[in-house]
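Novice: from the sequence below, what's the structure:
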Amino acid sequence: MGQLKLSETLTPEEYNQLRVSVGWETLTPRQARDGLAGSAFYVAFRDGKKPVAMGRVLFDHGYTAYLADIIVTPGYQRHGLGSKVVKTLIHRVLATCAPGEKILFALGAAYGKEPFYETMGFYRRPNDQEGHGMNQWITVGQAAPQIEL
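Specialist: I've put the predicted structure just below:
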């Protein structure tokens, strides 16, 4: 592992390469481009010119920030790089806030990665106060839930 540098640029192609490196599906070029553009912040760490880690945050600039796509390529895992990505994103959000404001940081941990996030103060749901985090993937053009308006 060489000298890693923080970068605030990432191409849609690099984004998809990072996704594939951890076994995730690729996005269409439009989804990758617009996903990066629609992020409040995203960061990458590069080894030379090659991106080896990244993360994004979706932030309403009120009180909710969602961490997404925290990726560290396998050869760079277990060296503290994932923590650097998460902490960098959290600091970027907090830098936009006034003293005394509270921010809810949320994420959907990949299966088995919960202990990693717990080391940074995240807690599991459900718990005594909160229910399960939930999600749903829907593919456009395929059967979707019927919604009456």
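Novice: for the helix or strand harbouring Gln31, packing partners?
Specialist: Here Gln31 sits within helix 29-37, counting by DSSP states H and E. The helices and strands touching helix 29-37, judged by 3 or more CB pairs under 8 Å, 6 or more residues apart in numbering; DSSP states H and E, are helix 12-21. C-betas here are computed from N, CA, C, even on glycine.
Novice: where's Ser39 relative to Val57, distance?
Specialist: Relative to Val57, Ser39 is positioned 6 Å away (CB to CB, to the nearest Å).
Novice: any common contacting residues for those two?
Specialist: Among the neighbours of Ser39, those also in contact with Val57 (CB atoms under 8 Å, 6 or more residues apart in numbering) are Ala68.
Novice: which of the two has more residues huddled nearby?
Specialist: Per other CB atoms under 10 Å, whichever of Ser39 and Val57 has more neighbours is Val57, with 23 against 19.
Novice: quick check, that one in a strand?
Specialist: Yes. According to DSSP: H, G, I helix; E, B strand; the rest coil, the state of Val57 is that of a strand.
Novice: list the beta-bridge partners for it.
Specialist: Beta-bridge partners for Val57, by DSSP bridges, are Phe41, Leu67.
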